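Chemist: The following comprises the amino acid sequence and a computationally predicted model.
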Amino acid sequence: AFGQYGTLWTDGWTQLDAAGYTSDAVKEAPAEDIYVTIGMVDGNIMITWDGHNSVKLQTSSDLTNWQTIEETKGKSEFIMPLGNSHEFIRAIRD
């Protein structure tokens, strides 16, 4: 699944940056953009997005090996604790 992704990066302590990534592997525009909001709630990271049954979040420590966060399939919010490691999060459509 290539296309446009929003990626979240955190250093696990205090820094929280959001960056966009666009792949040239797909030449056609996505049918619908996925809008992602990132914030802090009670010391945790809260990620919200347009809830669609086909949208889910994935995580990776190196931007190559992505793992689906199963509890995000078809949802529109995910709260994760800050850790002490680097982690990337992306929202994708099946």
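Modeler: Here it is on my side, so go on.

Chemist: give me the low-pLDDT residue ranges for the protein?
Modeler: Within the chain, the segments meeting pLDDT under 70 span 1-32.

Chemist: Please repeat the previous calculation with a cut-off of 90.
Modeler: Applying pLDDT under 90 to the chain picks out residues 1-37, 43, 49-55, 61, 64, 73-74, 81-94.

Chemist: Can you show me the strands along it?
Modeler: Ranges of strands in the chain, per DSSP state E, are 4-10, 16-22, 36-41, 44-49, 55-60, 67-68, 77-81, 87-93.

Chemist: Could you verify my assumption that residue 47 touches residue 34?
Modeler: No: with contacts counted by C-beta atoms under 8 Å, residue 47 stays clear of residue 34, the gap being 11.3 Å. From N, CA and C alone the C-beta is placed, and that goes for glycine too.

Chemist: any residues in contact with both of the two?
Modeler: Contact criterion C-beta atoms under 8 Å, 6 or more residues apart in numbering; residues shared by residue 47 and residue 34: residue 91.
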